[in-house]
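> give me a 3D structure for the following:
(chains A and B)
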Amino acid sequence: GAGVSQSPSNKVTEKGKDVELRCDPISGHTALYWYRQSLGQGLEFLIYFQGNSAPDKSGLPSDRFSAERTGGSVSTLTIQRTQQEDSAVYLCASRNAGNTIYFGEGSWLTVV
Amino acid sequence: TQLLEQSPQFLSIQEGENLTVYCNSSSVFSSLQWYRQEPGEGPVLLVTVVTGGEVKKLKRLTFQFGDARKDSSLHITAAQPGDTGLYLCAGMMGGTASKLTFGTGTRLQVTL
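Reported below is the predicted structural model:
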């Protein structure tokens, strides 16, 4: 597609369940970011992938959060044993060689 | 500790007024970007500034990067209702292989 694609766009899950959020970056973009945004707030950095380098995981809030990027393209953010405080919009972005970053529309996660 | 502080946090003005949003940090950034985000969408890049003292204009928007590359401002002239949104500054440290740190955000509402 033309832009960064995220799925699902909305997810309601029960506390304690695991969820997977998917990000399809723009083709050819080597850098990929995951951020979390609570309602009306700024963006909280979660994890950053750059090419074949080891990802920067410094923003992951707990060991319940993990992410992988397969084949240098699609990325999956996994949240295990979800808690109510995990409710937020999870935004994925990819960056081109010119350092321009493009965001997807986000995955809205609600933990009930 | 928030690396990038924005002020004001909220701003409600009438069409035609001018406004300035500030983005401040004690850290030095190699580049700084400004984004605008509308409800239900991901942030959209407005501008990137990389040189201390740099000024960039985008129609009615003027962006300035501080001489020491620690702060930035966004000035909007003759605001219009279409300018309404969440404005986010974001800084990158080091080279391109680096995460992007977002500011706390400024929510702007422009009314008729």
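
> so what's the residue count around the nearest residue to residue B:65 once chain neighbours are set aside?
Once flanking residues are discounted, residue B:65 sits nearest to residue B:49: 3.8 Å by C-beta to C-beta, 6 or more residues apart in numbering or on different chains. (Each C-beta comes from the backbone N, C-alpha and C, glycine too.) Counted with other C-beta atoms under 10 Å in any protein chain shown, the neighbours of residue B:49 add up to 21.

> next one, pLDDT for residue B:49 please.
pLDDT recorded at residue B:49 is 93.

> and it, bridged to which residues?
residue B:32 (DSSP bridges).

> give me the contacts around stretch A:67-74.
A:22-25, A:27, A:30, A:32, A:34, A:46-47, A:49, A:51-52, A:55, A:57, A:60, A:75-78 (C-beta atoms under 8 Å, 6 or more residues apart in numbering or on different chains).

> again, only this time at 6 Å
Stretch A:67-74 is contacted from outside by A:24, A:34, A:47, A:49, A:75, A:76, A:77, using C-beta atoms under 6 Å, 6 or more residues apart in numbering or on different chains.

> surely the residue nearest to residue B:65 is in contact with residue B:32?
Yes: Residue B:49 is in contact with residue B:32 according to C-beta atoms under 6 Å; the separation is 5.3 Å.

> okay, and the common contacts of these two?
The contact lists of residue B:49 and residue B:32 share residue B:65, where a contact means C-beta under 6 Å, 6+ apart.

> how much space separates the residue of chain B at minimum distance from chain A from residue B:20?
Here the residue of chain B nearest chain A is residue B:42; by C-beta to the nearest C-beta that distance is 3.0 Å. From residue B:42 over to residue B:20 the distance is 25 Å, taken as C-beta to C-beta, to the nearest Å.

> ok, residue A:7 next?
On the measure of C-beta to C-beta, residue A:7 and residue B:20 end up 38 Å apart.

> same check, this time on residue A:20
Using C-beta to C-beta, residue A:20 is found at 42 Å from residue B:20.

> find the nearest non-adjacent residue to the residue of chain A found nearest chain B, please.
Proximity of chain A to chain B (C-beta to the nearest C-beta) peaks at residue A:103, 3.0 Å away. Spatial nearest neighbour of residue A:103, excluding adjacent residues (C-beta to C-beta, 6+ apart): residue B:42 at 3.0 Å.
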